[in-house]
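# Compute the structure for the input listed below.
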Amino acid sequence: MRQGNLDKYLELLRKTLAHCEPPENWRPLLAARQLEILARKAHSLKGVAATLGLQSVREAAEAFDTACRRAAQEAGPGGCDTPPDDDLRGGTPCPRLESALETLIAAFGRTFGDLRQLFQAEPAEEGA
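The predicted structure is shown next:
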């Protein structure tokens with residue numbers, strides 16, 4: 001990769017780190033059965049990850065997107081077969097979706113955690 005392209009790629013990674021909503025913030029949406037919103041968020045994250053070559057995040061986001069869309073189709077607007085968990089303390093709103101979200105959270109955390117460490121370890125640019 002040429003230095004100019006590498007610099008552009010690294011800048012895209014920095015911007016993504018600064019603006020990308022972590023999927024652990026999506027738990028209240030899952031508890032409220034906001035499956036269409038979750039599917040859109042996962043689809044967007046999948047696209048960003050694919051563009052940046054972050055394969056594990058792309059795969060996990062795609063799996064969560066598919067699981068949300070499938071749950072919405074199988075059980076109607078609320079998805080799953082169990083009632084929504086309004087207070088977030090009562091247990092898992094949908095084990096299949098919760099598992100897919102946890103996989104996505106783990107992939108996101110590993111990848112973006114590694115990137116944060118990389119950028120924190122970079123020497124400061126001269127004159128910056």
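# For the rest of this, base every contact and every neighbour count on C-alpha atoms.
Will do.
# Give the helix, strand or coil label for E21.
coil (DSSP: H, G, I helix; E, B strand; the rest coil).
# how far away is E102 from K8?
Counting by Cα to Cα, to the nearest Å, the gap from E102 to K8 is 31 Å.
# quick one: buried residues of the strand or helix carrying L104?
Using DSSP states H and E, the element containing L104 is helix 95-121. Within helix 95-121, the residues that count as buried by 16 or more other Cα atoms under 10 Å are 97-98, 100-109, 112, 115.
# Likewise for stretch 18-37?
For stretch 18-37, a neighbour-count test (16+ other Cα under 10 Å) marks 23, 26-27, 30-36 as buried.
# Can you give me the first-to-last residue distance of that stretch?
Using Cα to Cα, the span of stretch 18-37 from its first residue to its last is 21 Å.
# pLDDT averaged over that stretch, what's the number?
The pLDDT scores in stretch 18-37 average 92.
# Tell me how far the helix holding L104 lies from the chain's centre.
7 Å (Cα atoms, centre = their mean, to the nearest Å).
# do stretch 38-56 as well
Taking Cα atoms, centre = their mean, one finds stretch 38-56 lying 7 Å from the centre of the chain it belongs to.
# Skipping its backbone neighbours, what lies nearest the residue nearest the centre of the chain in space?
A centroid search over the chain (Cα atoms, centre = their mean) returns P23, at 4.2 Å, as the residue closest to the centre. Counting by Cα to Cα, 6 or more residues apart in numbering, P23 lies nearest to I105, which is 5.6 Å off, once chain neighbours are set aside.
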